[in-house]
Every structure is written in C-alpha cells, then in structure tokens.
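Q: Provided below are the primary sequence and the corresponding predicted coordinates.
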Amino acid sequence: MPINNYKGFLRMTGFCKTKIPSGIMEALEPIKENEEAVRSYGIHLGTEMCKKILASGIRTLHLYTLNMEKSAQAILANLGLIEESKISRSLPWRRPANIFRVKEGVRPIFWANRPKSYISRTIGWDQYPHGRWGDSQNASYGALTDYQACIFIQ
C-alpha cells in the first residue's frame, strides 16, 4: 500500500503492528508536514520495492489502494506496466446534455436501476430485530433526542 500521507501511514502501521525500517522513518520525518512530498516519497518507495520484487523473479504485484488509486497507478506507470495516457475511467452513466453537468464525476445512486430494492437487501440485518424497518422503540435504534421526540409527537 503506497504511503499517501504521514498520519495515515502511522495509523495503519499502528493498527497492523508493523515494524517500520528506520530508513523510512528518517526519510519521512523532515517532510511529514508536506503531503505532496510524502505522497511522492510513497510513490518512489513503492516503485523501488516493486522493482526489487520483480527482479527477484516474482511475477505478481498486489497493491492496496483504499480508494486512493492515483499512487498505485503512478507506481505501475513508473514500472512501465501501464501507460498513464491510456488510463481513463468511463462513467457508468451517459454524458449529460446540460452544459452545467458535463464535468460531473459523481452522481447519486438511482434506486430504480438497482436489481433489488434497499428494503429487500437490508431486511435481514441482524442489528435490527425486525429488519431495518422494524419497531423504532427497540434499543438498537438508540435513544431519541428531544428534537426527534418532538417530530414523532407532532
């Protein structure tokens, strides 16, 4: 997993109880406040690690992205495994005709396009005794605030 930011790196290595080589911490310490420099170092480090892996005869790489794919793409581009110019993510919807929506990169989920409705997908959730739409008096819904109680009373 490429290093994307200093605090996230420390948090993740803390969760995993990872022993961090002193050279990595020495390289990160002076740049820890500069997110772009940390990201660049993470890409450089990831590229060098992958080069060593590939040079040793291993033919497969697995990069974790945690939805931050740009660092992984940069590593693969540095290794010559992909061409950045050919990376384009097609959108799962038709391009809008409205000129104000042409640059959209995110759109809401339209439940009508889903093969199963939200209710049918969540009806068996264990944390709700009678499915998501069960008795709101149940403790699994949590305590009502005064504001919520006023809404129900009205």
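A: That came through fine.
Q: which SS class is Ile20?
A: When classified by DSSP: H, G, I helix; E, B strand; the rest coil, Ile20 comes out as coil.
Q: from what I can see it touches Gly14, true?
A: No - using Cβ atoms under 8 Å, Ile20 is not in contact with Gly14; the gap is 9.9 Å. All C-beta atoms are positioned from the backbone trio N, CA, C, and that covers glycine.
Q: Can you check which residues contact both of those two?
A: In terms of Cβ atoms under 8 Å, 6 or more residues apart in numbering, Ile20 and Gly14 are not both contacted by any residue.
Q: the bottom helix or strand of this protein by mean pLDDT?
A: Within the chain, no helix or strand scores below helix 146-153, which has a mean of 50 by mean pLDDT, DSSP states H and E.
Q: residues of stretch 18-30 that come out buried?
A: Across stretch 18-30, burial judged by 16 or more other Cβ atoms under 10 Å covers Leu28.
Q: Report the separation between the two terminal residues of that stretch.
A: End-to-end distance for stretch 18-30: 21 Å, by Cα to Cα, to the nearest Å.
Q: Rounded mean pLDDT for that stretch, please.
A: Stretch 18-30 shows a mean pLDDT of 95 in the predicted model.
Q: Stretch 74-93 now?
A: 77.
Q: Which other helices and strands does the helix or strand containing Met25 contact?
A: If you go by DSSP states H and E, Met25 is part of helix 22-28. Applying 3 or more Cβ pairs under 8 Å, 6 or more residues apart in numbering; DSSP states H and E, one finds that helix 22-28 contacts helix 35-55.
Q: For Leu76, see how far away Lys70 is.
A: Distance check for Lys70 against Leu76: by Cβ to Cβ, to the nearest Å, it reads 11 Å.
Q: Mind checking what secondary structure Ile82 has?
A: Ile82 ends up coil, using three-state DSSP.
Q: Let me know whether it touches Ile75 as I believe.
A: No - the pair Ile82 and Ile75 fails to qualify as a contact (Cβ under 8 Å) at a distance of 9.6 Å.
Q: Which one's more surrounded, these two?
A: Higher neighbour count among Ile82 and Ile75: Ile75, with 24 against 15, using other Cβ atoms under 10 Å.
Q: Might you report the residue contacts of that one?
A: Ile75 touches Pro2, Ile43, Gly46, Thr47, Cys50, Leu63, counting by Cβ under 8 Å, 6+ apart.
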